[in-house]
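# Got a sequence here, can you model it:
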Amino acid sequence: MIKSIIFDFDGVIAESTNIKTDAFVSLYSKHPREVQLIVKDYHLKNSGISRYKKILYYQKEVLQEDYSEDVVNDLAKKFSKIVLEKVIQSDYVKGAEEFIRENYSNYDLHIATGTPQEEIEIIMREKKLENKFKSIYGTPLTKTEIIKKILLENNYKKENVIFVGDAIADLKGALNNDLIFIGRVPKGETSIFPEKTIIINDLMTLGDLILTF
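Below you'll find the predicted structure:
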């Protein structure tokens, strides 16, 4: 029986993935188009990974420019300014808001996201979801570290916990902690997950699916 559900945020709770894709491209808008395409492609292939790690990669490996901590932090702050209000105002993934409001008293709900801790707390508060989740965790912790922390803090049995994510980093985090994983792939898009992964297009069917475990 499932007792707890851990959710990624972008692309699982909120339709905010494209907001962040566009923001990374905007961050490097003064560079040639080919650089912007590399930035976009790397972001999409590494969804769920900290923006700091992505920016470090862009500065060091793509542009071969200054990748000092100060530069990376400055670019991350600019990124945050671009996305924060847009993410707060973003639509929910279909069925997400209803599932949360109808089930937060039936399951322990948790957030494990690649968004910085302070930022995800603001977003959850502004979306009035903060009190629906038992814990909310973001970076600098990795998905694997967050999941492990949630399991230990709550003394959960692994077979009683599900992770719902939309990125390979989410899948790896779940598998590294021996959790059941459900991958969200929007309707009409190609799955990035291994063939036998449990897939949902949105959260409309999540409630019924959970009851099958």
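# only C-alpha atoms for contact and neighbour calcs from this point on.
Noted.
# could you check the distance from residue 182 over to residue 64?
Residue 182 is 37 Å from residue 64, where distance means CA to CA, to the nearest Å.
# which residues of the chain fall in strands?
Using DSSP state E, the strands found in the chain span residues 4-7, 108-116, 135-139, 161-165, 180-184, 198-200.
# would you turn these into TSV with mean pLDDT, mean neighbour count and distance to residue 74?
Output for the strands of the chain, formatted as TSV (pLDDT from 0 to 100; neighbours: other CA atoms under 10 Å; distance: least, CA to CA, whole Å):
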stretch	mean pLDDT	mean neighbour count	distance to residue 74
strand 4-7	99	22	29
strand 108-116	97	23	14
strand 135-139	97	21	17
strand 161-165	98	25	28
strand 180-184	98	22	32
strand 198-200	98	17	37
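# In TSV: these, plus distance to residue 29.
Shown next, in TSV, are these (distance: least, CA to CA, whole Å):
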stretch	distance to residue 29
strand 4-7	32
strand 108-116	22
strand 135-139	25
strand 161-165	29
strand 180-184	30
strand 198-200	34
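# Of all the ones you listed, which one comes closest to residue 153?
Within these, the stretch nearest residue 153 is strand 135-139; the backing value is 10.1 Å (CA to CA).
# ok, and what's touching the closest one?
For strand 135-139, contacts defined as CA atoms under 8 Å, 6 or more residues apart in numbering pick out 50, 109-117, 120-121, 146, 150.
# list the buried ones in stretch 12-32?
12-17, 19-21, 23-28 (16 or more other CA atoms under 10 Å).
# which residues in this structure form helices?
17-27, 33-45, 51-57, 69-88, 96-103, 117-126, 143-154, 168-176, 206-210 (DSSP state H).
# Can you lay out these as CSV showing distance to residue 134?
Compiled in CSV, the helices of the chain are given as follows (distance: least, CA to CA, whole Å):
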stretch, distance to residue 134
helix 17-27, 24
helix 33-45, 29
helix 51-57, 25
helix 69-88, 20
helix 96-103, 12
helix 117-126, 12
helix 143-154, 10
helix 168-176, 18
helix 206-210, 18
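# can you put these in TSV and add mean pLDDT and distance to residue 200?
TSV is the format used below for those (pLDDT from 0 to 100; distance: least, CA to CA, whole Å):
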stretch	mean pLDDT	distance to residue 200
helix 17-27	93	16
helix 33-45	94	19
helix 51-57	94	26
helix 69-88	94	22
helix 96-103	97	12
helix 117-126	97	23
helix 143-154	98	20
helix 168-176	96	14
helix 206-210	97	8
